[in-house]
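Peer 1: here's a sequence, model it:
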Amino acid sequence: MFDILWRGLAIGAGATILMDLWSIVLAKFFGQPPANWAPVGRWFWHLGRGKVFHDSIADAEPYAGELALGWIGHYAVGILYGIVFALIMGEAWFAAPTFLPAWIFGIVTVGAGWFLLQPGLGLGWAASRHPKPNKVRCFNLLAHTVFALGLYGTALILG
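Peer 2: Numbering: from 1, shown residues only. You can find the predicted model right below:
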């Protein structure tokens, strides 16, 4: 069991790192604004105080460490996803990793963003209150595909 947990931790961290590198590439070469984890940190802080949904996270009471908490939350969720995926797939998948299960899992995890985080930030279900909701949705799907590539690629590296 310990082996599957540390492998899950590793693939979750690797996948999250790859997702962050993807964000840097998008910002540097395609003018896409880089991820800002401060609002997510503010959301996590309020979540710990029982408030899940906000009309606008920008109007919520600020928290001094929200940027750091946002980054910690981002990596904690990515690692948790890696552990859950590892537990679902088991040792057999690590013996011969394939992309398709990782990709399906990556796409399924978009649901947490669309139906929990984005409404929690005040963006509505699947960013429906954003000025360009379809653009956000497409970038979410792309980012989680990159996350899936990170799960798969890190598993290959672990051998």
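
Peer 1: show me what contacts the residue nearest in space to the middle of the chain?
Peer 2: For the chain, the residue sitting closest to the mean C-alpha position, by Cα atoms, centre = their mean, is G78 at 5.4 Å. Remark: with contacts taken as Cβ atoms under 8 Å, 6 or more residues apart in numbering, G78 is in contact with G12, A13, A15, T16, M19, F147. From N, CA and C alone the C-beta is placed, and that goes for glycine too.

Peer 1: tell me which of those residues fall in helices.
Peer 2: G12, A13, A15, T16, M19, F147 (DSSP state H).

Peer 1: separation between the last one and G78?
Peer 2: Applying Cβ to Cβ, to the nearest Å, one obtains 7 Å for the distance of F147 from G78.

Peer 1: give me the spatial nearest neighbour of E91, chain neighbours excluded.
Peer 2: Of all residues not flanking E91 in the chain, I4 sits nearest, at 6.4 Å (Cβ to Cβ, 6 or more residues apart in numbering).

Peer 1: ok, M19 touching G150?
Peer 2: Yes: M19 lies in contact with G150 (Cβ atoms under 8 Å); the separation is 6.3 Å.

Peer 1: which one's more surrounded, those two?
Peer 2: Between M19 and G150, counting by other Cβ atoms under 10 Å, G150 is the more crowded of the two (26 against 22).

Peer 1: what about that one, which SS state?
Peer 2: What DSSP: H, G, I helix; E, B strand; the rest coil gives for G150 is helix.

Peer 1: residue contacts, it?
Peer 2: I11, G14, A15, T16, I17, L18, M19.

Peer 1: reformat those as TSV; add distance to F29.
Peer 2: Converted to TSV, these look like this (distance: Cβ to Cβ, whole Å):
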residue	distance to F29
I11	26
G14	22
A15	21
T16	21
I17	18
L18	16
M19	16
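
Peer 1: switch those residues over to JSON lines; also include pLDDT and distance to W43.
Peer 2: As requested, these are exported to JSON lines (pLDDT from 0 to 100; distance: Cβ to Cβ, whole Å):
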{"residue": "I11", "pLDDT": "98", "distance to W43": "25"}
{"residue": "G14", "pLDDT": "98", "distance to W43": "25"}
{"residue": "A15", "pLDDT": "98", "distance to W43": "21"}
{"residue": "T16", "pLDDT": "98", "distance to W43": "18"}
{"residue": "I17", "pLDDT": "98", "distance to W43": "22"}
{"residue": "L18", "pLDDT": "98", "distance to W43": "24"}
{"residue": "M19", "pLDDT": "98", "distance to W43": "18"}
